[in-house]
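Undergrad: Sequence plus the predicted model coming up.
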Amino acid sequence: RYDDKKNLANSLLSKFINAKPTKPNNQKSILDLLDTCNLAIRNLKSLKFQFNEFVNLILVFIVQEKLDESLRKQWELSLDCEKFPTYDDLVSFIEKHARSIRNANSDHLTSRDCISRNIQSRDMNKYSTKKNTVVHNTVVNNSTRNKCILCSENHPIYKCGIFNGYNLEQRWNVIKTMKLCNNCLRSNHDVSKCMLSVRCKNCSLKHHTLLHDYSKNYKPLAPPSQNVSTLERGESSSATFLSYSGTSDSGNILLCTAIVKVKDSMGNWQNCRVLLDSASQMSLISEECCTNLGLSRNSSSHTIIGTGNQIVGNSDSFVKLEFTSLLHPETYLVNALVIKSLTTNLPNFHMSQYHWNHIQNLQLADPEFHISKPINIILGADIFFEVMQGNQIKGAKNTPYAIDTKLGWVLCGKVSSRHEIPHSQNQFVSHHTTSNFNLKNDIQNFWELESLPQENSLSNEEQICEELYKSTVSRDDSG
């Protein structure tokens, strides 16, 4: 049913046409409109529809009708009367306007803060003249300081979904345009003056990990170490193993990723990126994603064991997840353990482009599978086979398999060597699960054996003596 182009096209057109209009001088509403429209257009192009001048004219008309009055006037003034604007022209105009709003808001906040500080300084000087007292007043606005420059939400840019959704070139363009530090991604200083000691996790050079270029032959400052991240299964006394480690020359492997909608604590659906993993006995969710969804946690005790049968951590809670596909209304319920982090960004290599004929007409579960981004949820064997359809399409050599699922088509397998990163940077992700049902009971029995008895047991004769003493002996003030 995923090959029904008519229904898919209708669904995508509905999302495009019903995109929410922009609000005056509201950067978030402008970017939301762009994201919704661009995603629909990308997916329609994947269905091999022809985008001629007439279609382009319709697209421009629909989007420009969603612009607020002020923005619409500016758009009309920017047009060349002798030719029709293209959809790309409109997108470029909207992006520039969004940046101008951000810059204007930034300047306004700076002026307002300066005026506020001058007034405070004047008032404090009056006070100090009368009382002969020196007062220093410092006001820090954390909400403004942590406001994202892309979406205006209260989070740093490295946690921004828009920024993480960009490819490497787009991220660098944002850094250069906004004049941010390459290392900490903050403003007001250059990378040469950055005081942050943390460096890129891949090459240890002075740039943020999100800006790492896997196509370049960086020389690590230290040899890559084996990392172990673990996940848990089921009962409170069980343990699950998940390992991520090592360097390898096995090439670049795509793992099965998908975008799903997960219901949050308010009943709203939020998009999350998931990894389909049949080697994990139970589903898992990152602590950050769980917090963002506002899900209530259930207490549990899970010992986390890594490769080499070594205990490397614990999980103390699980949540109930309700999720659905972006394409169909069927919902799924699953319990997921909450752990601090799941795995590295996937794919863990850089893909600049791809041209695989066997996936051109497929509705992909993760349209941006080639962009290295965080994984929010791992769907384990407890739900893995429930969403699998079984059909698969094999392409040419060194191209991934396309596997049919109820979430859409997922891609998995080795990709062409032209995407490979230097040998020193190759990493692989492996997953393995098992259970240890006696671990918690063994620990509990140990503490029971080691703990002191709560009461002293007395013989019959000792009990009689104790009662006789209590009934016949008393103490006065002298003892």
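TA: That came through fine.

Undergrad: can you pull the contacts of the closest residue to Lys66 other than its chain neighbours?
TA: Excluding the flanking residues, the one nearest Lys66 by CB to CB, 6 or more residues apart in numbering is Pro21, at 4.2 Å. Just so you know, the C-beta spots here come from the backbone N, C-alpha and C atoms, and that holds for glycine as well. The contact partners of Pro21, by CB atoms under 8 Å, 6 or more residues apart in numbering, come to Ser29, Leu33, Lys66, Leu67, Asp68.

Undergrad: go on, Asn25?
TA: Residues near Asn25 by CB under 8 Å, 6+ apart: Ser70, Ile101.

Undergrad: May I ask which helix or strand encompasses it?
TA: Following DSSP states H and E, there is no helix or strand that holds Asn25.

Undergrad: what do you get for the one 3 residues further on?
TA: Applying DSSP H and E as the criterion places Lys28 in helix 27-46.

Undergrad: Name the residues that touch that helix?
TA: Residues outside helix 27-46 that contact it (CB under 8 Å, 6+ apart): 8-9, 12-13, 15-16, 19-23, 51, 59, 63, 66, 71, 87, 91, 94-95, 97-98, 101-102, 105, 150-153, 162, 360-364, 367.

Undergrad: Which helix or strand lies directly C-terminal to that helix?
TA: helix 53-64.

Undergrad: Can you list the buried residues in the helix or strand following that following helix?
TA: Once the chain leaves helix 53-64, the next helix or strand it forms, by DSSP H and E, is helix 69-78. Using 16 or more other CB atoms under 10 Å as the test for burial, helix 69-78 gives Leu71, Trp75.

Undergrad: Extract the C-alpha trace of helix 69-78 and format it as PDB.
TA: Coordinates of each C-alpha in helix 69-78 appear next as PDB, following Å, rounded to 0.1, in the frame of the first residue of the first chain:
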ATOM      1  CA  GLU A  69       0.100  41.200   4.900                       C
ATOM      2  CA  SER A  70       3.400  42.900   5.700                       C
ATOM      3  CA  LEU A  71       5.600  40.100   4.400                       C
ATOM      4  CA  ARG A  72       3.300  39.700   1.300                       C
ATOM      5  CA  LYS A  73       3.900  43.400   0.400                       C
ATOM      6  CA  GLN A  74       7.600  43.000   0.700                       C
ATOM      7  CA  TRP A  75       7.500  40.000  -1.500                       C
ATOM      8  CA  GLU A  76       5.500  41.800  -4.200                       C
ATOM      9  CA  LEU A  77       8.000  44.700  -4.100                       C
ATOM     10  CA  SER A  78      10.900  42.400  -4.600                       C
END
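
Undergrad: Show the buried residues in the contacts of helix 27-46.
TA: Among the contacts of helix 27-46, those scoring as buried are 8, 12, 16, 19, 22, 59, 63, 66, 71, 87, 91, 94, 97-98, 101-102, 105, 150-151, 162, 362-364 (criterion: 16+ other CB under 10 Å).

Undergrad: CA-only coordinates of stretch 153-160 in CSV, if you can.
TA: Taking Å, rounded to 0.1, in the frame of the first residue of the first chain, the C-alpha atoms of stretch 153-160 are listed here in CSV:
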residue,chain,number,x,y,z
GLU,A,153,13.0,28.7,21.5
ASN,A,154,14.8,28.5,24.9
HIS,A,155,17.6,26.1,24.0
PRO,A,156,21.1,26.4,22.7
ILE,A,157,21.5,26.1,18.9
TYR,A,158,23.2,22.6,19.2
LYS,A,159,19.9,21.3,20.6
CYS,A,160,17.8,22.9,17.9
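
Undergrad: Quick one: find the helix or strand in this protein with the lowest mean pLDDT.
TA: In the chain, the helix or strand scored least confidently by mean pLDDT, DSSP states H and E is strand 242-245, which has a mean of 41.

Undergrad: Can you name every helix or strand that the helix or strand following that one contacts?
TA: Counting by DSSP H and E, the element after strand 242-245 in chain order, helix or strand, is strand 253-254. With contacts taken as 3 or more CB pairs under 8 Å, 6 or more residues apart in numbering; DSSP states H and E, strand 253-254 sits against strand 408-414.

Undergrad: got a list of contacts for the strand it packs on?
TA: By CB under 8 Å, 6+ apart, the list of residues contacting strand 408-414 reads 2, 250-258, 276, 325-327, 359, 362-366, 369, 398-403.

Undergrad: For the stretch 251-400 of the chain, which residues score under the pLDDT cut-off?
TA: Filtered on pLDDT under 70, the stretch 251-400 of the chain yields the residue ranges 251, 303-314, 351-354.

Undergrad: Okay, strands next: where are they in it?
TA: Using DSSP state E, counting those that start in this stretch, the strands of the stretch 251-400 of the chain run over 253-254, 257-263, 269-276, 283-286, 298-306, 310-325, 331-339, 377-379, 388-393.

Undergrad: residues in contact with Phe385?
TA: Contacts of Phe385 (CB under 8 Å, 6+ apart): Ser278.

Undergrad: With His328 instead?
TA: Lys406.

Undergrad: what about it, distance to Ala365?
TA: Taken as CB to CB, to the nearest Å, the spacing of His328 relative to Ala365 amounts to 11 Å.

Undergrad: And for Phe349?
TA: Counting by CB to CB, the gap from Phe349 to Ala365 is 20 Å.

Undergrad: Of the two, which one has the most company?
TA: When Phe349 and Ala365 are compared for neighbours, Ala365 comes out ahead with 27 against 20, by other CB atoms under 10 Å.

Undergrad: close enough to count as contact, the more buried one and Asn271?
TA: No: if you go by CB atoms under 8 Å, Ala365 and Asn271 don't touch, sitting 11.9 Å apart.

Undergrad: from the contacts of Pro21, which single one is nearest Cys81?
TA: Closest approach to Cys81 among the contacts of Pro21 (CB to CB): Leu67, at 19.0 Å.

Undergrad: State the number of residues packed around that closest one.
TA: Leu67: 22 neighbours (other CB under 10 Å).

Undergrad: can you check Asp277 too?
TA: 24.

Undergrad: Which stretches in the protein count as helices?
TA: Counting by DSSP state H, the chain has helices at residues 5-17, 27-46, 53-64, 69-78, 87-131, 142-145, 161-165, 168-178, 287-293, 381-387, 439-450, 460-472.

Undergrad: right, and these - which one's nearest Ser478?
TA: Of those, nearest to Ser478 by CB to CB is helix 460-472, at 18.4 Å.

Undergrad: Could you give the average pLDDT over the closest one?
TA: Per-residue pLDDT over helix 460-472 has a mean of 81.
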